[in-house]
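Student: Generate coordinates for the sequence data below:
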Amino acid sequence: MEVAQVRPNVLLITTDQQHANTIHALGNSVIKTPNLDALAARGVSFGRTYVTNPVCSPSRASILTGEYPSRHGCWNIGVKLDEGRPRISDAFSAAGYRTALFGKTHFQPVLAEGSFEARPHTFDRDFWRHWDGPYYGFQKVKMLHGHADEISSAGMHYGVWLEDQGIDIDKYFGPNGGYREGRWDLPEEFHYTRWTADQTIEFLEQHDTDQPFFVWCSFQDPHNAFLVPEPWDQMYDIEDLPEFIRRPGEMDDKTLLHKCLIEDRLDEMDVEITADPNHPTKGIQCLGPTTDKIGETRAKRWLAAYYGMISLIDHHIGRLMQTLDRLGLTENTVVIFTSDHGDYAGNHGLWLKGPLHYEDVIRVPFIVSWPGHIPQNVQSQSLQSLVDLAPTLCDLCQIGNAPSVQGVSQLHTWMNPHESVRNYCLIENRAEPAFYVKTIVDERYKLNYFLGRNEGELYDLQEDPHEFVNLYNDPAYTDVVLRMMKAMIDMYGQLEGPYPPRLSFA
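Tutor: Numbers count the residues shown, from 1 in each chain. Predicted coordinates:
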């Protein structure tokens, strides 16, 4: 298959914190995702797609820049992505594309006063009523932030729209949003998932056929809090849900952080940790509570709501696909679906995300569809990384002024799904300034190295896909650990460029 001479449109659809195994057609027999199933049937699904960092801001920044967090600098939430970084949104705009982003951004801190994405600015209704970009290279934006009924969810453009609809903000949003589960009384027609889809659909309906578009539809679920409106809250019975992946004794060979978290003794960790009295673990940034903390029944309710949130998003993805069909845009629009990171989702006794790099949090769903150009109904195990999105899209759309990136173009693999252009994927996670985990994954093995802590993990993903047995200290695997370490060092050597040209011998 060949790339078309006419540059295609691009619709990038992302979710926030979606586990890789949450699409029915790709192996989850319980979850209901008919529209993602249909998208997978008309494209390629890559089952081994890795993030650059299993946290929102760093991962999203990597999608936008094609750089790893160690270069683009947005190393955790609460850190601003430098507005001067080269971005693919700028490259597409300069190449004549209409560019837009609808939904969650999270390129800047959301709790730091003075940040563009934080209060009180996010509640300046007059500003948001009259401003729609540009922002980080996108010509048009409609933004929101927060999750479920947190008060921050009712800010920015979405908050203005809610007030215009006559919604009583105080009735549905407040300071108590967070680690809960179940039904949200907000009617579905006013839910932010529908709003994000509606903004994207409106943009597509205004499409000028003489000018291609690059639009990012950025849903902010299925992130906690696990609340979902009717009827999605009743879609899954906890008795029908899959069992959590875990087994007795699996903590025996894990790292100190993992043991301290499970055994509720994080205060023994020899690292300065984030003090947040509202966080259930009061520990290292982004680590969620354990199943032991919340209880088995509540954990199942969380999973039921989590699945309901995904099914709600799936419903609106169906509306997006129907819009492309109705407008005659399907044949020349590349559709990419993925997530910024995963969720432990109860596996190994864990929830949410953190610097314990199970596949649950560092691997995400990834589907790409372009009828007539990319193979249909194919599932591939070729390695993909979200850092590759920028160079691949620039290559596919023939953007000659692409920014310097650290990812590689996956265009050949998208066209030939079983021919991988990657041997390794790299994941970084500076969870705290003094707590840094680096991961490298190849076709079979995964190495997690905890910098400065004399700790590590090695998993044989072929023989032990659930990562029960840590082989890092097993003498029989010393050569594998050394090989993976060398590969990681080699990767960083390659990522140091580009260098300015050398003009003379001295």
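Student: for the chain, which spans come out with low pLDDT?
Tutor: Within the chain, the ranges that satisfy pLDDT under 70 run 1-5, 176-180, 271-286.
Student: what packs against the longest helix along it?
Tutor: In the chain, with assignment by DSSP state H, the single longest helix is helix 296-326. On a contact count with 3 or more CB pairs under 8 Å, 6 or more residues apart in numbering; DSSP states H and E, helix 296-326 meets strand 9-15, helix 34-41, strand 181-183, helix 192-205, strand 226-228, strand 333-339. Just so you know, the C-beta spots here come from the backbone N, C-alpha and C atoms, and that holds for glycine as well.
Student: Please identify the most buried of these.
Tutor: Burial of the helices and strands packed on helix 296-326 is given as mean neighbour count (mean count of other CB atoms under 10 Å); strand 226-228 ranks first at a mean of 27.
Student: Just name whatever secondary elements that strand is in contact with.
Tutor: Using 3+ CB pairs under 8 Å, 6+ apart, strand 226-228 sits against strand 181-183, helix 296-326.
Student: closest to Asp132 out of those?
Tutor: Comparison of the helices and strands packed on strand 226-228 against Asp132 by CB to CB identifies helix 296-326 as nearest, at 19.8 Å.
Student: what about that closest one, distance to the chain center?
Tutor: Here helix 296-326 is found 15 Å from its chain centre; the criterion is CA atoms, centre = their mean, to the nearest Å.
Student: With stretch 374-385 instead?
Tutor: Counting by CA atoms, centre = their mean, stretch 374-385 comes out at 18 Å from the chain centroid.
Student: picking that back up, in a markdown table, list the helices and strands packed on helix 296-326 along with distance to Arg87.
Tutor: Formatted as a markdown table, the helices and strands packed on helix 296-326 follow (distance: least, CB to CB, whole Å):
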| stretch | distance to Arg87 |
| --- | --- |
| strand 9-15 | 13 |
| helix 34-41 | 26 |
| strand 181-183 | 36 |
| helix 192-205 | 19 |
| strand 226-228 | 32 |
| strand 333-339 | 17 |
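Student: what about the strands in the stretch 251-400 of the chain?
Tutor: Using DSSP state E, counting those that start in this stretch, the strands of the stretch 251-400 of the chain run over 287-290, 333-339, 350-352, 363-364, 366-369, 378-380, 384-385.
Student: can you redo these as JSON lines with distance to Ile169?
Tutor: Below are the strands of the stretch 251-400 of the chain laid out as JSON lines (distance: least, CB to CB, whole Å):
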{"stretch": "strand 287-290", "distance to Ile169": "27"}
{"stretch": "strand 333-339", "distance to Ile169": "28"}
{"stretch": "strand 350-352", "distance to Ile169": "26"}
{"stretch": "strand 363-364", "distance to Ile169": "32"}
{"stretch": "strand 366-369", "distance to Ile169": "35"}
{"stretch": "strand 378-380", "distance to Ile169": "44"}
{"stretch": "strand 384-385", "distance to Ile169": "39"}
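Student: what's the closest of those strands to Pro212?
Tutor: strand 333-339 (9.0 Å).
Student: C-alpha coordinates for stretch 302-313, CSV please?
Tutor: The C-alpha coordinates for stretch 302-313 follow below in CSV (Å, rounded to 0.1, in the frame of the first residue of the first chain):
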residue,chain,number,x,y,z
TRP,A,302,-14.5,1.0,40.6
LEU,A,303,-13.9,-1.4,37.7
ALA,A,304,-17.6,-1.4,36.8
ALA,A,305,-17.6,2.4,36.6
TYR,A,306,-14.3,2.4,34.8
TYR,A,307,-15.8,0.1,32.1
GLY,A,308,-18.9,2.3,32.0
MET,A,309,-16.8,5.3,31.3
ILE,A,310,-15.1,3.6,28.5
SER,A,311,-18.4,2.4,27.0
LEU,A,312,-19.7,6.0,27.1
ILE,A,313,-16.6,7.2,25.3
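Student: mind listing the strands for the stretch 101-250 of the chain?
Tutor: Going by DSSP E, counting those that start in this stretch, the stretch 101-250 of the chain shows strands at 140-144, 181-183, 213-218, 226-228.
Student: neighbouring strands for the last one, and are they parallel or not?
Tutor: The reference is to strand 226-228. Strand pairing for strand 226-228, using DSSP bridges, gives strand 181-183 (parallel).
Student: How far does the strand it pairs with sit from its chain's centre?
Tutor: That offset, for strand 181-183, works out to 23 Å (CA atoms, centre = their mean).
Student: Same check on stretch 448-464?
Tutor: Here the centre of stretch 448-464 is set off from its chain's centre by 22 Å, with CA atoms, centre = their mean.
Student: ok, residues contacting that stretch?
Tutor: 254-257, 357, 359, 434-439, 441, 444-447, 467, 469-472, 474, 477, 480-481, 484-485, 488 (CB atoms under 8 Å, 6 or more residues apart in numbering).
Student: State the distance from the residue most central in space within the chain to Phe219.
Tutor: The centroid of the chain falls nearest to Asp340 when counting by CA atoms, centre = their mean (0.7 Å). Distance, Asp340 to Phe219, using CB to CB, to the nearest Å: 10 Å.
Student: shared neighbours of those two, anything?
Tutor: Contact with both Asp340 and Phe219 is made by residues 14-16, according to CB under 8 Å, 6+ apart.
Student: give me the number of residues near Pro465?
Tutor: 11 (other CB atoms under 10 Å).
Student: Wasn't it part of a strand?
Tutor: No. Going by DSSP: H, G, I helix; E, B strand; the rest coil, the assignment for Pro465 is coil, not a strand.
Student: coming back round to it: and the angle for the longest helix of the chain with helix 192-205?
Tutor: 10 degrees (axes from the mean of the first three to the mean of the last three CA atoms, to 10 degrees).
Student: Now do the buried residues in helix 296-326.
Tutor: 298-318, 320-321, 323-324 (16 or more other CB atoms under 10 Å).
Student: re the thing from before, in a markdown table: the helices and strands packed on strand 226-228, plus distance to Ala20.
Tutor: Shown next, in a markdown table, are the helices and strands packed on strand 226-228 (distance: least, CB to CB, whole Å):
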| stretch | distance to Ala20 |
| --- | --- |
| strand 181-183 | 22 |
| helix 296-326 | 12 |
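Student: What is the neighbour count of Pro355?
Tutor: Neighbourhood size, Pro355 [other CB under 10 Å]: 25.
Student: Look up the closest residue to it, ignoring the ones flanking it.
Tutor: In space, and not counting its chain neighbours, Pro355 is closest to Ala431: 4.0 Å by CB to CB, 6 or more residues apart in numbering.
Student: Where does the one you found sit, in terms of helix or strand?
Tutor: Here Ala431 is covered by strand 425-432, with elements defined by DSSP states H and E.
Student: And the next helix or strand past that strand?
Tutor: Strand 425-432 is succeeded, C-terminally, by strand 435-441 (DSSP H and E).
Student: Only C-alpha atoms, please: export that next one in CSV.
Tutor: The C-alpha trace of strand 435-441 is given here as CSV (Å, rounded to 0.1, in the frame of the first residue of the first chain):
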residue,chain,number,x,y,z
PHE,A,435,12.9,8.8,42.5
TYR,A,436,13.5,7.9,38.9
VAL,A,437,12.6,4.7,37.1
LYS,A,438,13.7,3.9,33.5
THR,A,439,12.3,1.0,31.5
ILE,A,440,13.3,-0.6,28.3
VAL,A,441,11.2,-3.2,26.5
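Student: Can I get the helix or strand that it is followed by in PDB, CA atoms only?
Tutor: Downstream of strand 435-441, the first helix or strand assigned by DSSP H and E is strand 445-450. Below are the C-alpha coordinates for strand 445-450, written out as PDB (Å, rounded to 0.1, in the frame of the first residue of the first chain):
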ATOM      1  CA  TYR A 445      11.900  -8.900  27.900                       C
ATOM      2  CA  LYS A 446      11.300  -5.800  30.000                       C
ATOM      3  CA  LEU A 447      13.900  -4.200  32.300                       C
ATOM      4  CA  ASN A 448      12.800  -1.700  35.000                       C
ATOM      5  CA  TYR A 449      15.800   0.100  36.600                       C
ATOM      6  CA  PHE A 450      15.400   2.200  39.700                       C
END
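Student: Nice, that's everything, thank you.
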